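Novice: need the 3D shape of this:
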Amino acid sequence: MARQAVIVNTYDMASINQYTTSLGIGIYHSGVHIYDSEYAYGGHPFNFSGIFEIEPKDVEALGEETFKFKESLLIGYTDFSREDINQIIHEMGNEYKGDKYHLLHRNCNHFTEALVKTLSGKSIPSWINRLAYISTCVPFLERCLPKEFLIPVALEESIREQVANESTEHDVIKNKL
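Specialist: Got it, this is the predicted structure:
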């Protein structure tokens with residue numbers, strides 16, 4: 001069996017990156033390209049795997065209005081078969097559940113680091129997740145961000161609360177009529 005390249009595809013997630021990249025920080029998404037698939041992690045409000053598989057560099061599937069392909073980085077090689085990769089992804093899905101996503105502590109780049117380490121024994125470049133790391137070192141920064149930015153469960157709760165408030169307002173108006 002031939003060794004397979006372990007490639008990290010990176011994406012800019014904010015137009016501000018064009019100004020901050022030279023400072024060594026930015027907002028990035030990453031995924032691991034192995035064989036003919038790219039694996040990444042994202043949040044959702046459910047208690048099952050947040051790992052997903054797409055065609056490599058498919059910004060349309062990611063959301064081309066938010067994601068812009070930046071570059072592919074060859075990190076190393078692996079001897080794992082496609083079946084081994086599927087099993088690894090399945091097992092990692094128990095740890096990387098959608099409702100456990102957190103922008104600073106468990107994001108797509110943390111998943112990419114863990115998968116790359118498993119496959120090749122190497123780490124991803126530190127600039128990919130540097131902003132999350134810096135943010136965790138400055139405690140008040142996390143408190144300044146709305147919970148909806150940090151975790152998808154908070155977003156779901158916020159939406160549910162808004163719907164309930166709108167429904168209550170609608171009932172009040174209806175009763176006055």
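Novice: mind giving me the packing neighbours of the helix or strand where Asn9 lies?
Specialist: Per DSSP states H and E: Asn9 is located in strand 4-12. Helices and strands touching strand 4-12, by 3 or more Cβ pairs under 8 Å, 6 or more residues apart in numbering; DSSP states H and E, are strand 28-34, strand 68-78, helix 108-120. The way it works is simple: take the backbone N, C-alpha and C, and place the C-beta from them, glycine included.
Novice: pLDDT score assigned to the nearest residue to Asn129 once chain neighbours are set aside?
Specialist: Take Asn129 and drop its neighbours on the chain: the residue closest to it by Cβ to Cβ, 6 or more residues apart in numbering is Asn109, 3.8 Å away. Asn109 carries a pLDDT value of 97.
Novice: number of residues surrounding Asn109?
Specialist: Neighbour count for Asn109, taken as other Cβ atoms under 10 Å: 23.
Novice: from Tyr77, how far off is the residue positioned nearest the centre of the chain?
Specialist: The centre of the chain sits closest to Cys108, judged by Cα atoms, centre = their mean, with a distance of 2.7 Å. Distance, Cys108 to Tyr77, using Cβ to Cβ, to the nearest Å: 22 Å.
Novice: what bits of the chain have low per-residue confidence?
Specialist: Along the chain, the model assigns pLDDT under 70 to residues 1, 142, 144-177.
Novice: now the helices for it?
Specialist: In the chain, the helices defined using DSSP state H lie at 17-20, 59-62, 82-95, 108-120, 130-137, 139-144, 147-150, 152-176.
Novice: how about residues contacting the strand holding Asn9?
Specialist: Applying Cβ atoms under 8 Å, 6 or more residues apart in numbering, the set of residues contacting strand 4-12 from outside is 18, 26-35, 38, 56-57, 59, 62, 67-80, 112, 116, 119-120, 122, 124, 128.
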